[in-house]
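Chemist: Would you be able to build a 3D model of this:
(chains A and B)
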Amino acid sequence: MNAHEYAFVVVATIGSIAAVAVVTARNVVHAALYLVVTLAAVGMTFLLLGAEFVGWVQILIYVGAIVILFLFGLMLTKAPIGRDTLDYQNRAVGAVVAVVVAIGLGSLILQAWPLASTPAAPSAPGGSDVLGSALFNTYVLPFEAVSFVLLAALIGAIVLARRDEGT
Amino acid sequence: MIGDTSIFDTSVGGYWIPLVMKAVAVLAVFLVVPLAVGYMEHKVLAHMQARLGPMEAGAFHGWAQLVADGVKFIQKEDVVPAAADAGVFSLAPAVVLIPYIVTLVAIPFGPRLYALDLDVGVFFVLAMSSVGVIGVLMAGWASANKFSLIGALRAAAQLIAYELPLVLVSAAVVMQAGSMSLLQITQAQSHYWNIVYPWQLVGFVIFMMAAVAELTRPPFDMPVADSEIIFGAYTEYTGLKFAFFLLSEYGGIVVMSAVAAVLYLGGYQPIGGLSIIPGFLWMFGKIFALSFIIIWLRATFPRLREDQLQRFAWIGLTPLALALILVTSVYKVGV
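Modeler: Below is the predicted model of the structure:
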(Lines give C-alpha, C1' and ligand atoms only; values in the text may rest on other atoms or scores of the structure.)
Protein backbone atom coordinates (compact mmCIF):
# COMPACT_ATOMS: atom_id res chain seq x y z
CA MET A 1 0.00 0.00 0.00
CA ASN A 2 1.17 3.53 -0.69
CA ALA A 3 0.50 6.70 1.27
CA HIS A 4 -2.71 7.39 -0.65
CA GLU A 5 -4.16 4.02 0.26
CA TYR A 6 -3.22 4.39 3.91
CA ALA A 7 -4.91 7.78 3.94
CA PHE A 8 -7.98 6.29 2.28
CA VAL A 9 -8.19 3.52 4.89
CA VAL A 10 -8.03 6.08 7.72
CA VAL A 11 -10.62 8.38 6.12
CA ALA A 12 -12.96 5.52 5.20
CA THR A 13 -12.74 4.03 8.70
CA ILE A 14 -13.54 7.34 10.36
CA GLY A 15 -16.36 7.99 7.90
CA SER A 16 -17.89 4.53 8.40
CA ILE A 17 -17.71 4.67 12.19
CA ALA A 18 -19.33 8.09 12.13
CA ALA A 19 -22.00 6.82 9.72
CA VAL A 20 -22.89 4.00 12.14
CA ALA A 21 -22.91 6.52 14.97
CA VAL A 22 -25.40 8.70 13.04
CA VAL A 23 -27.91 5.85 13.24
CA THR A 24 -27.14 4.61 16.73
CA ALA A 25 -26.79 8.00 18.47
CA ARG A 26 -29.36 8.45 21.23
CA ASN A 27 -29.52 12.20 20.72
CA VAL A 28 -30.73 13.71 17.48
CA VAL A 29 -28.22 16.60 17.57
CA HIS A 30 -25.36 14.17 18.17
CA ALA A 31 -26.57 12.26 15.11
CA ALA A 32 -26.42 15.44 13.03
CA LEU A 33 -22.90 16.16 14.30
CA TYR A 34 -21.76 12.64 13.39
CA LEU A 35 -23.25 13.30 9.95
CA VAL A 36 -20.84 16.25 9.68
CA VAL A 37 -17.92 13.85 10.20
CA THR A 38 -19.31 11.39 7.65
CA LEU A 39 -19.85 14.06 4.99
CA ALA A 40 -16.40 15.54 5.63
CA ALA A 41 -14.95 12.04 5.18
CA VAL A 42 -16.78 11.76 1.84
CA GLY A 43 -15.26 15.09 0.85
CA MET A 44 -11.80 13.86 1.88
CA THR A 45 -12.34 10.75 -0.25
CA PHE A 46 -13.05 12.93 -3.28
CA LEU A 47 -9.84 14.86 -2.54
CA LEU A 48 -7.85 11.63 -2.29
CA LEU A 49 -9.21 10.56 -5.67
CA GLY A 50 -7.91 13.81 -7.16
CA ALA A 51 -11.32 15.44 -7.55
CA GLU A 52 -10.30 18.64 -5.80
CA PHE A 53 -13.21 20.81 -6.87
CA VAL A 54 -15.88 18.24 -6.04
CA GLY A 55 -14.24 17.58 -2.68
CA TRP A 56 -14.21 21.20 -1.55
CA VAL A 57 -17.69 21.83 -2.92
CA GLN A 58 -18.84 18.81 -0.92
CA ILE A 59 -17.50 20.47 2.22
CA LEU A 60 -18.80 23.95 1.29
CA ILE A 61 -22.32 22.77 0.46
CA TYR A 62 -22.92 19.78 2.72
CA VAL A 63 -20.87 20.60 5.82
CA GLY A 64 -21.14 24.37 5.49
CA ALA A 65 -24.78 24.73 4.49
CA ILE A 66 -26.94 21.62 4.49
CA VAL A 67 -25.97 20.24 7.90
CA ILE A 68 -26.31 23.74 9.31
CA LEU A 69 -29.86 23.83 7.93
CA PHE A 70 -30.45 20.40 9.56
CA LEU A 71 -29.18 21.61 12.92
CA PHE A 72 -31.11 24.84 12.49
CA GLY A 73 -34.35 22.97 11.85
CA LEU A 74 -33.72 20.53 14.70
CA MET A 75 -32.94 23.26 17.19
CA LEU A 76 -35.93 25.38 16.16
CA THR A 77 -38.32 22.46 16.59
CA LYS A 78 -37.60 19.24 18.41
CA ALA A 79 -34.06 19.12 19.72
CA PRO A 80 -33.97 18.74 23.48
CA ILE A 81 -31.45 21.21 24.89
CA GLY A 82 -28.44 19.73 26.66
CA ARG A 83 -28.28 16.08 27.67
CA ASP A 84 -31.89 14.93 27.13
CA THR A 85 -32.61 12.38 24.43
CA LEU A 86 -35.35 11.92 21.89
CA ASP A 87 -36.57 8.62 20.47
CA TYR A 88 -39.57 8.17 18.19
CA GLN A 89 -39.60 4.33 18.46
CA ASN A 90 -40.10 4.15 14.69
CA ARG A 91 -37.62 1.32 14.20
CA ALA A 92 -39.76 -0.90 11.91
CA VAL A 93 -40.29 1.80 9.27
CA GLY A 94 -36.64 2.78 9.55
CA ALA A 95 -35.52 -0.80 8.99
CA VAL A 96 -37.72 -1.18 5.89
CA VAL A 97 -36.40 2.04 4.37
CA ALA A 98 -32.81 1.04 5.16
CA VAL A 99 -33.15 -2.38 3.52
CA VAL A 100 -34.80 -0.94 0.40
CA VAL A 101 -32.11 1.74 0.02
CA ALA A 102 -29.32 -0.79 0.60
CA ILE A 103 -30.70 -3.18 -2.04
CA GLY A 104 -31.27 -0.37 -4.52
CA LEU A 105 -27.85 1.24 -4.15
CA GLY A 106 -26.08 -2.12 -3.91
CA SER A 107 -27.58 -3.47 -7.12
CA LEU A 108 -26.83 -0.18 -8.89
CA ILE A 109 -23.16 -0.25 -7.85
CA LEU A 110 -22.81 -3.94 -8.71
CA GLN A 111 -24.29 -3.33 -12.15
CA ALA A 112 -21.90 -0.46 -12.84
CA TRP A 113 -18.78 -2.18 -11.44
CA PRO A 114 -19.11 -6.01 -11.35
CA LEU A 115 -17.12 -7.64 -8.57
CA ALA A 116 -14.61 -9.33 -10.88
CA SER A 117 -13.59 -6.17 -12.73
CA THR A 118 -10.67 -4.09 -11.56
CA PRO A 119 -11.51 -0.41 -11.25
CA ALA A 120 -9.99 1.75 -13.95
CA ALA A 121 -7.32 4.17 -12.84
CA PRO A 122 -8.47 7.78 -12.99
CA SER A 123 -7.65 9.03 -16.48
CA ALA A 124 -6.93 12.62 -15.51
CA PRO A 125 -7.00 14.60 -12.28
CA GLY A 126 -10.50 15.96 -11.89
CA GLY A 127 -9.60 19.60 -11.55
CA SER A 128 -12.15 22.33 -12.05
CA ASP A 129 -11.28 22.78 -15.75
CA VAL A 130 -11.86 19.10 -16.55
CA LEU A 131 -15.12 19.10 -14.63
CA GLY A 132 -16.27 22.35 -16.21
CA SER A 133 -15.66 21.29 -19.78
CA ALA A 134 -17.30 17.91 -19.12
CA LEU A 135 -20.37 19.58 -17.61
CA PHE A 136 -20.83 22.21 -20.30
CA ASN A 137 -19.85 20.19 -23.35
CA THR A 138 -20.74 16.53 -22.90
CA TYR A 139 -23.37 16.72 -20.20
CA VAL A 140 -24.95 20.10 -20.84
CA LEU A 141 -28.48 18.71 -21.34
CA PRO A 142 -28.64 16.65 -18.09
CA PHE A 143 -27.05 19.63 -16.32
CA GLU A 144 -29.78 21.98 -17.55
CA ALA A 145 -32.47 19.41 -16.73
CA VAL A 146 -31.18 19.10 -13.15
CA SER A 147 -31.06 22.85 -12.69
CA PHE A 148 -34.62 23.09 -14.03
CA VAL A 149 -35.81 20.48 -11.52
CA LEU A 150 -34.05 22.35 -8.71
CA LEU A 151 -35.67 25.61 -9.81
CA ALA A 152 -39.09 23.94 -9.77
CA ALA A 153 -38.42 22.62 -6.26
CA LEU A 154 -37.32 26.07 -5.14
CA ILE A 155 -40.46 27.76 -6.46
CA GLY A 156 -42.59 24.98 -4.98
CA ALA A 157 -40.99 25.53 -1.56
CA ILE A 158 -41.72 29.25 -1.74
CA VAL A 159 -45.34 28.63 -2.78
CA LEU A 160 -45.84 26.15 0.08
CA ALA A 161 -44.17 28.29 2.71
CA ARG A 162 -45.65 31.63 1.78
CA ARG A 163 -48.95 32.79 3.25
CA ASP A 164 -50.17 35.96 1.57
CA GLU A 165 -52.43 38.25 3.55
CA GLY A 166 -56.13 37.94 2.73
CA THR A 167 -56.01 34.88 0.46
CA MET B 1 4.54 29.22 -14.68
CA ILE B 2 4.89 32.33 -12.57
CA GLY B 3 5.17 31.86 -8.86
CA ASP B 4 6.92 28.57 -9.50
CA THR B 5 7.37 26.80 -6.19
CA SER B 6 7.04 27.72 -2.58
CA ILE B 7 10.16 29.05 -0.88
CA PHE B 8 9.65 26.36 1.75
CA ASP B 9 10.12 23.63 -0.84
CA THR B 10 13.21 25.05 -2.52
CA SER B 11 15.18 26.23 0.51
CA VAL B 12 15.55 22.74 1.98
CA GLY B 13 15.15 19.34 0.44
CA GLY B 14 13.03 16.41 1.43
CA TYR B 15 9.36 16.09 2.23
CA TRP B 16 8.94 16.33 5.98
CA ILE B 17 11.19 19.30 6.76
CA PRO B 18 9.35 21.74 4.43
CA LEU B 19 6.04 20.40 5.72
CA VAL B 20 6.96 21.06 9.35
CA MET B 21 8.35 24.48 8.40
CA LYS B 22 5.09 25.39 6.67
CA ALA B 23 3.02 24.23 9.63
CA VAL B 24 5.18 26.23 12.06
CA ALA B 25 5.03 29.33 9.83
CA VAL B 26 1.24 29.16 9.46
CA LEU B 27 0.79 28.63 13.20
CA ALA B 28 3.15 31.51 13.98
CA VAL B 29 1.21 33.87 11.69
CA PHE B 30 -2.04 32.71 13.24
CA LEU B 31 -0.84 33.25 16.79
CA VAL B 32 0.84 36.63 16.23
CA VAL B 33 -1.25 38.57 13.70
CA PRO B 34 -4.66 38.12 15.40
CA LEU B 35 -3.13 39.30 18.68
CA ALA B 36 -1.84 42.39 16.89
CA VAL B 37 -5.31 42.98 15.45
CA GLY B 38 -6.83 42.50 18.90
CA TYR B 39 -4.45 45.07 20.34
CA MET B 40 -5.31 47.36 17.44
CA GLU B 41 -9.00 46.98 18.27
CA HIS B 42 -8.37 48.01 21.88
CA LYS B 43 -6.43 51.06 20.81
CA VAL B 44 -8.48 52.15 17.79
CA LEU B 45 -11.80 51.87 19.62
CA ALA B 46 -10.32 53.70 22.59
CA HIS B 47 -9.05 56.62 20.53
CA MET B 48 -12.28 56.81 18.53
CA GLN B 49 -14.04 57.19 21.88
CA ALA B 50 -11.53 59.83 23.03
CA ARG B 51 -9.79 57.69 25.66
CA LEU B 52 -6.43 55.92 25.80
CA GLY B 53 -7.16 52.20 26.09
CA PRO B 54 -4.76 49.83 27.85
CA MET B 55 -1.61 51.67 28.95
CA GLU B 56 -0.09 49.65 31.83
CA ALA B 57 0.82 46.12 30.68
CA GLY B 58 4.17 46.17 28.90
CA ALA B 59 6.33 49.24 28.76
CA PHE B 60 4.98 50.93 25.62
CA HIS B 61 1.27 51.84 25.39
CA GLY B 62 0.10 48.61 27.01
CA TRP B 63 1.25 46.40 24.15
CA ALA B 64 1.30 43.31 26.38
CA GLN B 65 -2.33 43.69 27.45
CA LEU B 66 -3.55 40.74 25.35
CA VAL B 67 -0.72 38.53 26.61
CA ALA B 68 -1.74 39.45 30.15
CA ASP B 69 -5.36 38.70 29.25
CA GLY B 70 -4.29 35.30 27.95
CA VAL B 71 -2.46 34.49 31.20
CA LYS B 72 -5.56 35.57 33.12
CA PHE B 73 -7.82 33.33 31.00
CA ILE B 74 -5.56 30.32 31.63
CA GLN B 75 -5.81 30.83 35.39
CA LYS B 76 -9.61 31.03 35.42
CA GLU B 77 -11.79 28.11 36.48
CA ASP B 78 -13.11 26.06 33.58
CA VAL B 79 -16.85 25.90 34.28
CA VAL B 80 -19.16 23.49 32.44
CA PRO B 81 -22.84 24.07 33.30
CA ALA B 82 -24.49 21.12 35.09
CA ALA B 83 -27.16 20.67 32.42
CA ALA B 84 -24.74 21.07 29.51
CA ASP B 85 -23.74 18.35 27.09
CA ALA B 86 -20.11 18.28 28.26
CA GLY B 87 -18.56 16.61 25.20
CA VAL B 88 -20.11 18.88 22.57
CA PHE B 89 -19.61 21.89 24.88
CA SER B 90 -15.85 21.28 25.08
CA LEU B 91 -15.42 20.46 21.41
CA ALA B 92 -17.15 23.61 20.13
CA PRO B 93 -14.27 26.12 20.61
CA ALA B 94 -11.93 23.88 18.61
CA VAL B 95 -14.47 23.51 15.78
CA VAL B 96 -14.71 27.31 15.58
CA LEU B 97 -10.96 27.96 15.80
CA ILE B 98 -9.33 25.27 13.64
CA PRO B 99 -10.98 26.11 10.27
CA TYR B 100 -9.51 29.61 10.43
CA ILE B 101 -6.00 28.25 11.05
CA VAL B 102 -6.41 25.84 8.14
CA THR B 103 -7.59 28.67 5.87
CA LEU B 104 -4.28 30.49 6.26
CA VAL B 105 -2.52 27.61 4.50
CA ALA B 106 -3.82 28.75 1.10
CA ILE B 107 -3.10 32.50 1.43
CA PRO B 108 -0.07 33.69 -0.58
CA PHE B 109 2.12 36.27 1.17
CA GLY B 110 4.54 36.62 -1.73
CA PRO B 111 5.22 35.20 -5.19
CA ARG B 112 6.99 32.27 -3.53
CA LEU B 113 5.90 32.76 0.06
CA TYR B 114 2.93 30.45 0.56
CA ALA B 115 2.29 27.08 2.14
CA LEU B 116 0.04 25.53 -0.48
CA ASP B 117 -1.10 26.69 -3.93
CA LEU B 118 -4.46 24.99 -4.33
CA ASP B 119 -6.04 24.74 -7.76
CA VAL B 120 -9.36 25.73 -6.16
CA GLY B 121 -8.00 28.05 -3.48
CA VAL B 122 -11.02 30.38 -3.40
CA PHE B 123 -13.40 27.49 -2.84
CA PHE B 124 -11.13 26.04 -0.18
CA VAL B 125 -11.10 29.30 1.75
CA LEU B 126 -14.87 29.78 1.49
CA ALA B 127 -15.56 26.15 2.42
CA MET B 128 -13.34 26.34 5.48
CA SER B 129 -14.72 29.66 6.67
CA SER B 130 -18.24 28.21 6.56
CA VAL B 131 -17.34 25.24 8.79
CA GLY B 132 -16.89 27.39 11.90
CA VAL B 133 -20.61 28.06 12.26
CA ILE B 134 -21.15 24.41 13.15
CA GLY B 135 -19.01 25.12 16.22
CA VAL B 136 -21.20 28.11 17.08
CA LEU B 137 -24.33 25.96 16.79
CA MET B 138 -22.68 23.27 18.94
CA ALA B 139 -21.75 25.85 21.57
CA GLY B 140 -25.22 27.34 21.67
CA TRP B 141 -27.04 24.05 21.86
CA ALA B 142 -24.73 22.28 24.30
CA SER B 143 -24.79 25.16 26.78
CA ALA B 144 -28.40 24.23 27.68
CA ASN B 145 -29.21 27.92 27.93
CA LYS B 146 -31.98 29.62 25.99
CA PHE B 147 -29.96 32.79 25.38
CA SER B 148 -27.13 30.68 23.98
CA LEU B 149 -29.50 28.77 21.71
CA ILE B 150 -31.11 31.94 20.38
CA GLY B 151 -27.66 33.40 19.71
CA ALA B 152 -26.53 30.24 17.89
CA LEU B 153 -29.66 30.17 15.75
CA ARG B 154 -29.23 33.83 14.84
CA ALA B 155 -25.61 33.17 13.95
CA ALA B 156 -26.52 30.22 11.73
CA ALA B 157 -29.30 32.09 9.94
CA GLN B 158 -26.96 35.03 9.39
CA LEU B 159 -24.13 32.88 8.08
CA ILE B 160 -26.33 31.07 5.59
CA ALA B 161 -27.78 34.38 4.38
CA TYR B 162 -24.39 36.10 3.91
CA GLU B 163 -22.56 33.04 2.58
CA LEU B 164 -24.43 33.46 -0.70
CA PRO B 165 -23.29 37.01 -1.66
CA LEU B 166 -19.79 36.14 -0.42
CA VAL B 167 -19.51 33.14 -2.76
CA LEU B 168 -21.15 35.00 -5.67
CA VAL B 169 -18.85 38.04 -5.61
CA SER B 170 -15.84 35.72 -5.23
CA ALA B 171 -17.09 33.89 -8.31
CA ALA B 172 -17.07 37.23 -10.17
CA VAL B 173 -13.39 37.69 -9.26
CA VAL B 174 -12.64 34.13 -10.32
CA MET B 175 -14.27 34.80 -13.70
CA GLN B 176 -12.24 37.95 -14.18
CA ALA B 177 -8.95 36.27 -13.28
CA GLY B 178 -9.76 33.02 -15.08
CA SER B 179 -8.49 30.95 -12.18
CA MET B 180 -9.55 29.80 -8.74
CA SER B 181 -6.01 29.67 -7.40
CA LEU B 182 -5.35 32.51 -4.98
CA LEU B 183 -1.80 32.78 -6.30
CA GLN B 184 -2.92 33.17 -9.92
CA ILE B 185 -5.66 35.63 -8.94
CA THR B 186 -2.89 37.73 -7.39
CA GLN B 187 -0.71 37.40 -10.48
CA ALA B 188 -3.60 38.45 -12.71
CA GLN B 189 -3.65 41.80 -10.87
CA SER B 190 -0.03 42.69 -11.58
CA HIS B 191 -1.08 45.69 -13.73
CA TYR B 192 -4.39 46.76 -12.25
CA TRP B 193 -5.84 45.63 -8.98
CA ASN B 194 -9.37 44.27 -9.31
CA ILE B 195 -10.73 47.15 -7.27
CA VAL B 196 -10.10 49.69 -10.08
CA TYR B 197 -12.86 48.11 -12.16
CA PRO B 198 -16.12 49.79 -11.08
CA TRP B 199 -18.11 46.55 -10.83
CA GLN B 200 -15.39 44.87 -8.80
CA LEU B 201 -15.35 47.89 -6.50
CA VAL B 202 -19.02 47.13 -5.86
CA GLY B 203 -17.99 43.51 -5.36
CA PHE B 204 -15.35 44.55 -2.85
CA VAL B 205 -17.92 46.49 -0.82
CA ILE B 206 -20.32 43.52 -0.90
CA PHE B 207 -17.48 41.17 0.09
CA MET B 208 -16.47 43.28 3.06
CA MET B 209 -20.07 43.64 4.26
CA ALA B 210 -20.72 39.91 3.94
CA ALA B 211 -17.39 39.13 5.63
CA VAL B 212 -18.23 41.37 8.59
CA ALA B 213 -21.61 39.63 8.80
CA GLU B 214 -19.96 36.19 8.68
CA LEU B 215 -17.72 37.24 11.56
CA THR B 216 -20.84 38.51 13.41
CA ARG B 217 -19.06 41.79 14.04
CA PRO B 218 -20.96 45.07 14.46
CA PRO B 219 -23.14 46.28 12.76
CA PHE B 220 -24.12 42.65 12.12
CA ASP B 221 -23.66 41.45 15.71
CA MET B 222 -27.24 40.39 16.42
CA PRO B 223 -26.07 36.84 17.37
CA VAL B 224 -23.98 38.17 20.28
CA ALA B 225 -26.12 41.24 21.06
CA ASP B 226 -24.98 41.80 24.63
CA SER B 227 -27.90 44.00 25.65
CA GLU B 228 -30.51 41.34 24.91
CA ILE B 229 -29.01 37.84 24.82
CA ILE B 230 -25.96 38.39 27.05
CA PHE B 231 -23.26 37.04 24.71
CA GLY B 232 -25.20 34.66 22.50
CA ALA B 233 -23.67 31.22 22.04
CA TYR B 234 -20.62 32.10 24.16
CA THR B 235 -22.58 33.09 27.30
CA GLU B 236 -21.70 29.98 29.35
CA TYR B 237 -18.03 29.82 28.40
CA THR B 238 -15.22 30.71 30.76
CA GLY B 239 -11.45 30.66 30.88
CA LEU B 240 -9.44 29.18 28.06
CA LYS B 241 -12.46 28.08 26.00
CA PHE B 242 -13.76 31.63 25.97
CA ALA B 243 -10.29 32.83 24.99
CA PHE B 244 -10.42 30.44 22.02
CA PHE B 245 -13.65 32.05 20.85
CA LEU B 246 -12.07 35.49 21.14
CA LEU B 247 -8.98 34.32 19.27
CA SER B 248 -11.12 32.88 16.50
CA GLU B 249 -12.95 36.19 16.16
CA TYR B 250 -9.67 38.06 15.64
CA GLY B 251 -8.32 35.20 13.52
CA GLY B 252 -11.46 35.50 11.42
CA ILE B 253 -10.85 39.22 10.90
CA VAL B 254 -7.31 38.45 9.73
CA VAL B 255 -8.38 35.64 7.39
CA MET B 256 -11.26 37.60 5.84
CA SER B 257 -9.04 40.67 5.39
CA ALA B 258 -6.36 38.52 3.78
CA VAL B 259 -8.84 36.97 1.35
CA ALA B 260 -10.27 40.39 0.47
CA ALA B 261 -6.73 41.70 -0.04
CA VAL B 262 -5.95 38.83 -2.42
CA LEU B 263 -9.23 39.05 -4.33
CA TYR B 264 -9.47 42.83 -4.74
CA LEU B 265 -6.30 44.62 -3.63
CA GLY B 266 -3.73 42.61 -5.54
CA GLY B 267 -2.44 40.59 -2.59
CA TYR B 268 1.31 41.10 -2.30
CA GLN B 269 1.47 43.33 -5.41
CA PRO B 270 2.97 46.76 -4.63
CA ILE B 271 1.41 50.13 -5.52
CA GLY B 272 2.91 51.83 -8.60
CA GLY B 273 6.20 49.93 -8.85
CA LEU B 274 7.19 50.40 -5.22
CA SER B 275 8.63 46.92 -5.38
CA ILE B 276 11.55 47.94 -3.18
CA ILE B 277 9.25 47.13 -0.28
CA PRO B 278 8.96 43.32 -0.17
CA GLY B 279 5.65 41.68 -1.08
CA PHE B 280 4.86 40.19 2.29
CA LEU B 281 5.01 43.66 3.88
CA TRP B 282 2.46 44.89 1.32
CA MET B 283 0.28 41.89 2.13
CA PHE B 284 0.45 42.49 5.87
CA GLY B 285 -0.13 46.21 5.32
CA LYS B 286 -3.29 45.45 3.34
CA ILE B 287 -4.46 42.96 5.97
CA PHE B 288 -4.03 45.51 8.75
CA ALA B 289 -5.68 48.27 6.67
CA LEU B 290 -8.76 46.13 6.07
CA SER B 291 -8.80 44.98 9.70
CA PHE B 292 -8.75 48.65 10.67
CA ILE B 293 -11.84 49.26 8.52
CA ILE B 294 -13.63 46.33 10.17
CA ILE B 295 -12.80 47.75 13.61
CA TRP B 296 -13.80 51.24 12.47
CA LEU B 297 -17.25 49.92 11.49
CA ARG B 298 -17.73 48.73 15.08
CA ALA B 299 -17.18 52.23 16.39
CA THR B 300 -19.42 53.80 13.76
CA PHE B 301 -22.65 51.91 13.11
CA PRO B 302 -25.52 50.86 15.39
CA ARG B 303 -26.65 47.24 15.40
CA LEU B 304 -29.05 46.08 12.67
CA ARG B 305 -32.27 44.41 13.77
CA GLU B 306 -32.66 40.71 12.92
CA ASP B 307 -35.28 41.23 10.19
CA GLN B 308 -33.37 44.16 8.65
CA LEU B 309 -30.28 41.99 8.63
CA GLN B 310 -31.97 39.16 6.76
CA ARG B 311 -33.72 41.49 4.30
CA PHE B 312 -30.44 43.25 3.59
CA ALA B 313 -28.78 39.97 2.64
CA TRP B 314 -31.55 38.37 0.60
CA ILE B 315 -33.12 41.39 -1.09
CA GLY B 316 -30.09 43.70 -1.19
CA LEU B 317 -26.75 41.95 -1.48
CA THR B 318 -27.64 38.68 -3.22
CA PRO B 319 -29.37 40.17 -6.32
CA LEU B 320 -26.62 42.79 -6.56
CA ALA B 321 -23.98 40.03 -6.49
CA LEU B 322 -25.84 38.14 -9.23
CA ALA B 323 -25.95 41.30 -11.36
CA LEU B 324 -22.21 41.65 -10.73
CA ILE B 325 -21.58 38.19 -12.19
CA LEU B 326 -23.60 39.21 -15.26
CA VAL B 327 -21.54 42.40 -15.74
CA THR B 328 -18.28 40.51 -15.26
CA SER B 329 -19.24 37.90 -17.84
CA VAL B 330 -20.18 40.63 -20.33
CA TYR B 331 -16.77 42.21 -19.72
CA LYS B 332 -14.97 38.88 -20.11
CA VAL B 333 -16.72 37.99 -23.35
CA GLY B 334 -16.86 41.47 -24.84
CA VAL B 335 -13.47 42.99 -24.02
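
Chemist: Let me know the average pLDDT across the helix or strand harbouring residue A:95.
Modeler: Using DSSP states H and E, residue A:95 maps to helix A:91-112. The pLDDT scores in helix A:91-112 average 89.

Chemist: Just give me how far that helix sits from the chain centre.
Modeler: 16 Å (C-alpha atoms, centre = their mean, to the nearest Å).

Chemist: Next, count neighbours for the residue nearest to residue B:133 when sequence neighbours are not counted.
Modeler: Nearest non-adjacent residue to residue B:133, counting by C-beta to C-beta, 6 or more residues apart in numbering or on different chains: residue B:159, 4.4 Å away. For glycine as for every other residue, the C-beta is placed from the backbone atoms N, C-alpha and C. Residue B:159 has 26 neighbouring residues, counting by other C-beta atoms under 10 Å in any protein chain shown.

Chemist: So residue B:159 is in contact with residue B:215, correct?
Modeler: No. Counting by C-beta atoms under 8 Å, residue B:215 is not a contact partner of residue B:159; they are 9.7 Å apart.

Chemist: wait, what's in contact with the spatially most central residue of chain A?
Modeler: With distances taken as C-alpha atoms, centre = their mean, residue A:39 lies nearest the centre of chain A, 6.0 Å away. Neighbour list for residue A:39: A:58, A:59, A:62, A:63, A:67 [criterion: C-beta atoms under 8 Å, 6 or more residues apart in numbering or on different chains].

Chemist: for residue B:68, same thing?
Modeler: So residue B:68 contacts residue B:57 (C-beta under 8 Å, 6+ apart).

Chemist: could you say which helix or strand contains it?
Modeler: helix B:65-75.

Chemist: list the buried ones in that helix?
Modeler: B:65, B:66, B:69, B:70, B:73 (16 or more other C-beta atoms under 10 Å in any protein chain shown).

Chemist: Can you show me the helices along the chain?
Modeler: In the absence of a named chain, this looks at chain A. A:3-24, A:28-48, A:52-58, A:67-76, A:91-112, A:128-133, A:140-161 (DSSP state H).

Chemist: hm, I was asking about chain B
Modeler: Assigned by DSSP H, the helices in chain B fall at B:7-11, B:16-48, B:65-75, B:86-103, B:121-142, B:146-177, B:182-187, B:198-214, B:226-229, B:239-264, B:279-300, B:306-311, B:318-334.

Chemist: which one of the ones you listed has the most crowded surroundings?
Modeler: helix B:121-142 (a mean of 26; mean count of other C-beta atoms under 10 Å in any protein chain shown).

Chemist: how distant is the least confident helix or strand in chain A by mean pLDDT from the center of its chain?
Modeler: Every helix and strand of chain A was ranked by mean pLDDT, DSSP states H and E. The lowest is helix A:128-133, at a mean of 78. Its chain's C-alpha centre and that of helix A:128-133 lie 21 Å apart, by C-alpha atoms, centre = their mean.

Chemist: Contact distance from chain B - what residues of chain A qualify?
Modeler: Selection of chain A residues close to chain B by C-beta under 8 Å from any C-beta of the partner chain yields A:27, A:29-30, A:33, A:36, A:52-53, A:56-57, A:59-60, A:63-65, A:67-69, A:71-72, A:75-76, A:79, A:81-83, A:127-128.

Chemist: Next up, the contacts around the closest residue to residue B:279 other than its chain neighbours.
Modeler: Leaving out its chain neighbours, the residue that sits closest to residue B:279 by C-beta to C-beta, 6+ apart is residue B:268, at 3.3 Å. By C-beta under 8 Å, 6+ apart, residue B:268 lies in contact with B:108, B:109, B:110, B:111, B:113, B:186, B:279, B:280, B:282, B:283.

Chemist: Next: residue A:74.
Modeler: With C-beta under 8 Å, 6+ apart, residue A:74 has these contacts: A:28, A:29, A:32.

Chemist: count of neighbours near the second one?
Modeler: Read it as residue A:29. For residue A:29, using other C-beta under 10 Å, the count is 25.

Chemist: Just the pLDDT for it.
Modeler: For residue A:29, the model assigns a pLDDT of 81.

Chemist: Residue B:175 now?
Modeler: On the pLDDT scale, residue B:175 gets 86.

Chemist: and the spatially closest residue to residue B:165 that is not a sequence neighbour, how far is that from residue B:214?
Modeler: Nearest residue to residue B:165 in three dimensions, chain neighbours excluded: residue B:317, at 3.9 Å (C-beta to C-beta, 6+ apart). Look at residue B:317 and residue B:214: by C-beta to C-beta, to the nearest Å, they are 12 Å apart.

Chemist: Need the overlap of contacts for these two.
Modeler: By C-beta under 8 Å, 6+ apart, the residues touching both residue B:317 and residue B:214 are residue B:162.

Chemist: so where's the chain uncertain?
Modeler: Reading this off chain A. Applying pLDDT under 70 to chain A flags residues A:1, A:78-88, A:116-126, A:165-167.

Chemist: Please refer instead to chain B.
Modeler: B:1-7, B:9-14, B:273.

Chemist: For it, what lies in contact range of chain A?
Modeler: Close to chain A, as judged by C-beta under 8 Å from any C-beta, chain B has residues B:83-85, B:88, B:118-120, B:123-124, B:126-128, B:130-131, B:133-134, B:137-138, B:140-146, B:149, B:152-153, B:156-157, B:159-160, B:163, B:167, B:180.

Chemist: what residues go with each domain of chain A?
Modeler: A:3-126, A:127-167 (automatic domain parsing).

Chemist: how close does the residue nearest to the centre of chain A sit to chain B?
Modeler: 11 Å (C-beta to the nearest C-beta, to the nearest Å).

Chemist: coming back round to it: work out the gap between the helix holding residue B:68 and the centre of the chain.
Modeler: 23 Å.

Chemist: Could you tell me how far stretch B:326-335 lies from the centre of the chain?
Modeler: 29 Å.

Chemist: Name the surrounding residues that touch that stretch.
Modeler: Contacts for stretch B:326-335 (C-beta under 8 Å, 6+ apart): B:172, B:175, B:176, B:197, B:199, B:200.

Chemist: and those, which two are the farthest apart?
Modeler: Spanning the widest gap among the contacts of stretch B:326-335 are B:175 and B:197, at 11.8 Å by C-beta to C-beta.

Chemist: which residues touch residue B:16?
Modeler: Per C-beta under 8 Å, 6+ apart, neighbours of residue B:16: none.

Chemist: before we move on, back to that, spell out which residues are contacts of both of residue B:175 and residue B:197.
Modeler: Joint contacts of residue B:175 and residue B:197 (C-beta under 8 Å, 6+ apart) do not exist.

Chemist: follow-up on the earlier one: and which of the contacts of residue A:39 is nearest residue A:102?
Modeler: Nearest member of these to residue A:102, counting by C-beta to C-beta, is residue A:62, at 21.1 Å.
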